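Novice: Quick one, fold the following:
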Amino acid sequence: MTETKRQKVTLNTLYDKMRKGEPITMITCYDYPMAYLVEQAGVDIVLVGDSLGMTILGYDSTLPVTQDVMMPHVQAVRRGTPNAWLIGDMPYMTYQPSVETAIRVGHRLMASGVDLEFLEDPTANLEGMSQVRQAQPGANLRRQPGQPGRRSRFHPYALASQALLHV
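Specialist: As a prediction, the model looks like this:
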């Protein structure tokens, strides 16, 4: 099989594409085989989301997904797509208990190869999240997530590249 060589996607890469009006590609991925194909396709951004609980593990919601469940998937995807900009979800209750917990979990995610940690919490303490961002420059908070515990949190929405790039 022919290996495709490409540069590592960085925030500057994404800014340049945005400035030039070039499309920025993004996909959700949960395992090495798919990540390998994603790398060969040259996708810019890859998300390993807690939705793997429903799409891969068969749960009714994302609530059973813990950081320990996420880590092997994040690591496998990073190995499969070493050059994409990788986003890893911080599952429910991995950052809500305290700023210290959020920082500890965030460091663990960053050590596994993500470029951005994704927190979803419309009720988040913004002062606390500011402390997390100071300690973890790769943390990003989205204030309108799916609702934990719903049977399905899949809903159409567009994630504007500008919102994503305000890290």
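
Novice: where do the strands sit along this protein?
Specialist: Here the chain has its strands, by DSSP state E, at 26-28, 45-48, 85-89, 116-120, 139-142.

Novice: Of those strands, which is nearest residue 67?
Specialist: Taking Cβ to Cβ, strand 85-89 is the member of the strands of the chain nearest to residue 67, at 9.6 Å. (C-beta placed from N, C-alpha, C; glycine too.)

Novice: Direction included, what does the closest one pair against?
Specialist: strand 45-48 (parallel), strand 116-120 (parallel) (DSSP bridges).

Novice: mind listing the helices for this structure?
Specialist: With DSSP state H as the criterion, the chain has helices at 11-20, 32-41, 52-55, 67-80, 99-111, 126-135, 161-165.

Novice: From the contact counts, what lies against the fifth one?
Specialist: Pointing back at helix 99-111 there. helix 67-80, strand 116-120, helix 126-135 (3 or more Cβ pairs under 8 Å, 6 or more residues apart in numbering; DSSP states H and E).

Novice: Report the buried residues of that helix.
Specialist: 99, 102, 103, 105, 106, 108, 109, 110 (16 or more other Cβ atoms under 10 Å).

Novice: ok, now the shortest one?
Specialist: Buried residues in helix 52-55, defined by neighbour count with 16+ other Cβ under 10 Å: 52, 53, 54.

Novice: For residue 56, which non-adjacent residue is spatially closest?
Specialist: residue 30 (5.1 Å; Cβ to Cβ, 6 or more residues apart in numbering).

Novice: what's the burial count for that neighbour?
Specialist: Residue 30 has 21 neighbours, counted by other Cβ atoms under 10 Å.

Novice: try residue 11
Specialist: Residues near residue 11, counting by other Cβ under 10 Å: 14.

Novice: Look up how far residue 85 lies from it.
Specialist: To residue 85, residue 11 is 7 Å away according to Cβ to Cβ, to the nearest Å.

Novice: Also residue 70?
Specialist: Distance from residue 70 to residue 85, by Cβ to Cβ: 18 Å.

Novice: Which one of those two is surrounded by more residues?
Specialist: residue 70 (25 against 22).
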